[in-house]
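> what follows is a predicted structure for the sequence shown.
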Amino acid sequence: YIQAKKCFNSALELDKNYLHSILNLSKLAYVDKDFQQIINILKDYHLQNLTNTKITLILADLCYSAGFVEESIYFHKKLIESGKFENKDLAALIFLLNYSNQYSENEYRKYCKLYDEILTKNKTSYNLKNSEHDSHKIGFLSYDLRDHSVGYFLKDLIKKLNQKNFKTIAFNLYEKKVDNSFKSKLKSSFSEWYEVSNLNDRELSDYIYSKKVHFLIDLAGYSSGNRLQVFKNKPAPVQFSWLGYCNETHIEEIDFMIIDENVIEKTENKRFVRIPKIWNSLSKLDSVTINELPAIKNNFFNFGCFNNFLKISDETIETWGEILTKFTNSNLVLKNSVSSDKNFKNYLLKKFKEKINENRIIILNYEEDKKSHLKQYYNIDLGLDTFPYNGVTTTFESLWMGVPVITLKGQRFISRCGYSINKNAGLMDFTAKNKEEYISIALQFSNDIGVEKLKNLRKNLRSNIINSPLFDTNSFSDNLLDKLKKYTKK
């Protein structure tokens, strides 16, 4: 592809608007992970061809892959405003709004309503007499029933639900054939497992209806690969949104969203089903040995965050920059996202208000193997959460590896996940009310007393949380079933 890229660039030197080269360079960007050059070329072309929605869509997708959230939102909005878009483009915009603080709840709801109106045009109705549906059958529809965060939250929980005389039915949307030990374990956890990726929305709705499940749980929301049309069709009497998407879908036919007492403040919204303590529990992870606090032997301090680069907002970067500027003997360790721009480090450095030496930003390689991934926490003394979109799985993993995480308690579900996790882990000392307190908490560990505190916490944190609500899938299953039973007659 290197030679091809040279040829396409040479053609653009002769004619900067040569569309054939522009489109091919756009495709090559996904291969070499060098997005910025082609994004700049596309922006210039876009300004001269504002009605070319194909270019608008390419820009929206490239900015998303590069980790440029606000720019991706901008071009997705332009695409929606043009009226020439597909459902997946609107879903992508709604999904991306979760990563930004620049958009109101009303704007989020507006786009959800538009999506709902589109789904209504293709809606299919079913006869949902409760007597025909087995109130002990719970269906789970997801694209992520595999070696994925959703899979890890489900694995042990599904076993517990089966032990309590409920039938768990998996409707797997992931089309690629994956044969590994984790998927085998997950698949064997369910009472029944169906591969349904080849079915269209109508066929899938009919298929789920034929299984007579009483409860159907959406694990995707507006994320990629969602099948919200199926939920709009309502093939099951009671439908829930849970786990894979930390926000409301505003799809009328999704009856309830499962939350806890922390992620959304008390409200009269009858669509919220509150689980005591925490909204999900993670299956226990591999017993990877916990190392000694690295700061002791390093003589420098490593902050770290393994969240998806999309979650690293400008607000987050500004706050981290202040910490690094004031805590001069510290570094920031990040983990490479799968599709992120290979030049992400340079973009990050440019966004810091104060100049930060590039050697202080360490980006680790992406690790597919779970144990290898967990061992990457050996490099971190203290975790830093992102905002407005908090980490979830990464925070559970960090605590499992003895690394506490500073989180900023926000106003929305996605901004309060870290708060709920820390509260249930007994780590409220690491929860900030505002950015100033977030920075203050981080700076507490710039001296020997702070390092000693982290050293002791690292030794005991896993044993402290292993029986907490974070990993107590048995109690969580009891709490979930208590809530579900209330809706067997509705």
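Everything's here; your move.
> quick one: the helices in the stretch 51-200 of the chain, in order.
All helices of the stretch 51-200 of the chain, identified by DSSP state H, counting those that start in this stretch, fall at 53-66, 69-82, 87-97, 105-120, 149-163, 181-189.
> adding distance to residue 443, mean pLDDT and mean neighbour count, write those helices out as CSV.
Every C-beta, even on glycine, is put in place using the N, C-alpha and C of the backbone. Putting the helices of the stretch 51-200 of the chain into CSV (distance: least, Cβ to Cβ, whole Å; pLDDT from 0 to 100; neighbours: other Cβ atoms under 10 Å) gives the following:
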stretch, distance to residue 443, mean pLDDT, mean neighbour count
helix 53-66, 32, 96, 21
helix 69-82, 28, 97, 19
helix 87-97, 32, 98, 20
helix 105-120, 33, 98, 15
helix 149-163, 31, 97, 21
helix 181-189, 40, 94, 15
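> so for residue 272, which of the ones you listed sits nearest?
helix 105-120 (14.8 Å; Cβ to Cβ).
> output that closest one as CSV, nothing but the C-alphas.
In CSV, the C-alpha atoms belonging to helix 105-120 read as follows (Å, rounded to 0.1, in the frame of the first residue of the first chain):
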residue,chain,number,x,y,z
GLU,A,105,-29.9,16.5,26.8
ASN,A,106,-32.6,18.1,24.7
GLU,A,107,-30.4,17.9,21.6
TYR,A,108,-29.6,14.3,22.4
ARG,A,109,-33.3,13.5,22.8
LYS,A,110,-34.1,15.3,19.5
TYR,A,111,-31.9,13.0,17.5
CYS,A,112,-33.3,9.9,19.4
LYS,A,113,-36.8,11.0,18.5
LEU,A,114,-35.8,11.3,14.9
TYR,A,115,-34.4,7.8,15.0
ASP,A,116,-37.5,6.5,16.7
GLU,A,117,-39.7,8.1,13.9
ILE,A,118,-37.7,6.3,11.2
LEU,A,119,-38.1,3.0,13.0
THR,A,120,-41.8,3.6,13.4
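> need the contact partners of that helix.
Contact partners of helix 105-120, identified using Cβ atoms under 8 Å, 6 or more residues apart in numbering, comprise 80, 87, 90-91, 93-94, 97, 222, 228-229, 232, 247-252, 412.
> please apply the same query to stretch 23-40.
By Cβ under 8 Å, 6+ apart, stretch 23-40 touches 1-2, 4-5, 8-9, 12, 22, 41-42, 58-59, 62-63, 65-66, 68, 71, 339-343, 347.
> hang on, the earlier thing: out of the helices of the stretch 51-200 of the chain, flag the one nearest residue 216.
Set against residue 216 and scored by Cβ to Cβ, the helices of the stretch 51-200 of the chain come closest in helix 149-163, at 14.3 Å.
> can you give me the offset of the closest one from its chain's centre?
18 Å (Cα atoms, centre = their mean, to the nearest Å).
> make 30 the starting number, not 1.
OK, 30 is where the count begins now, so the last one is helix 178-192.
> thinking again about what came up before, buried ones among the contacts of stretch 52-69?
With neighbours counted by 16 or more other Cβ atoms under 10 Å, the contacts of stretch 52-69 contain buried members at 34, 37, 41, 51, 70-71, 87-88, 91-92, 94-95, 97, 100, 368-370, 376.
> how about the strands in this structure?
With strands called from DSSP state E, the chain shows them at 163-171, 196-201, 221-224, 242-247, 267-270, 285-289, 301-304, 330-334, 359-364, 390-393, 411-413, 434-437, 460-461.
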